[in-house]
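**Q** only geometry, no sequence info:
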């Protein structure tokens, strides 16, 4: 595969993860809450879910460095595949606050709290963009 093909695959993966983050929040936000007691607890859990993304982002940075060093070499395809695997795992971890917001819709979480958790996940997604240096 060429670099452009790898980059387009990574961009497509990023958009897919954004859709997988936003759609559950929109769908479950339309339903009536099952219980109204657990909204604040799920919001706090969503805030705590931001911290595991630090470890995933560190792995992603190391993957970026390894991919940049492998550009033009024999193991470039393996480096791109490894970067894609690390990035997908990081995007899944970054999705946790948003998914907890979707779950919180069923348990009485306020819409503003859900919006904050979804925006927190989207901000984390911005960190996982592919830099221009890998073009």
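**A** Okay, I see it. As the structure is a computational prediction, the values presented were derived from the model and not from experiment.
**Q** only C-alpha atoms for contact and neighbour calcs from this point on.
**A** Will do.
**Q** ok, now how distant is the residue of the chain positioned farthest from its centre from residue 59?
**A** Distance from the C-alpha centroid of the chain peaks at residue 74, with 29.9 Å (Cα atoms, centre = their mean). Distance of residue 74 to residue 59, given as Cα to Cα, to the nearest Å: 22 Å.
**Q** residue 51 too?
**A** Taking Cα to Cα, one finds residue 51 at 14 Å from residue 59.
**Q** which one of those two has more residues nearby?
**A** residue 59 (17 against 12; other Cα atoms under 10 Å).
**Q** verify the contact between the more buried one and residue 86 for me.
**A** Yes. Applying Cα atoms under 8 Å, one finds residue 59 in contact with residue 86, separated by 7.0 Å.
**Q** and the spatially most central residue of the chain, what element?
**A** Centroid-nearest residue in the chain, with Cα atoms, centre = their mean: residue 91, separated by 2.7 Å. According to DSSP states H and E, residue 91 maps onto helix 76-106.
**Q** repeat that for residue 72.
**A** Counting by DSSP H and E, residue 72 is part of no helix or strand.
**Q** tell me the pLDDT at it?
**A** Turning to residue 72, the model gives it a pLDDT of 86.
**Q** any idea how far it is from residue 23?
**A** Taking Cα to Cα, one finds residue 72 at 39 Å from residue 23.
**Q** again with residue 91
**A** Counting by Cα to Cα, the gap from residue 91 to residue 23 is 15 Å.
**Q** same check on residue 47?
**A** For residue 47, the distance to residue 23 - Cα to Cα - is 20 Å.
**Q** more crowded one of the two?
**A** A direct count of neighbours by other Cα under 10 Å for residue 47 and residue 23 places residue 47 higher, at 17 against 13.
**Q** so what's that one up against?
**A** If you count contacts by Cα atoms under 8 Å, 6 or more residues apart in numbering, residue 47 has them with 97, 117.
**Q** gap between whichever helix or strand it is part of and the chain center?
**A** In the assignment (DSSP H and E), residue 47 maps to helix 39-48. Centroid separation for helix 39-48 versus its chain: 18 Å, with Cα atoms, centre = their mean, to the nearest Å.
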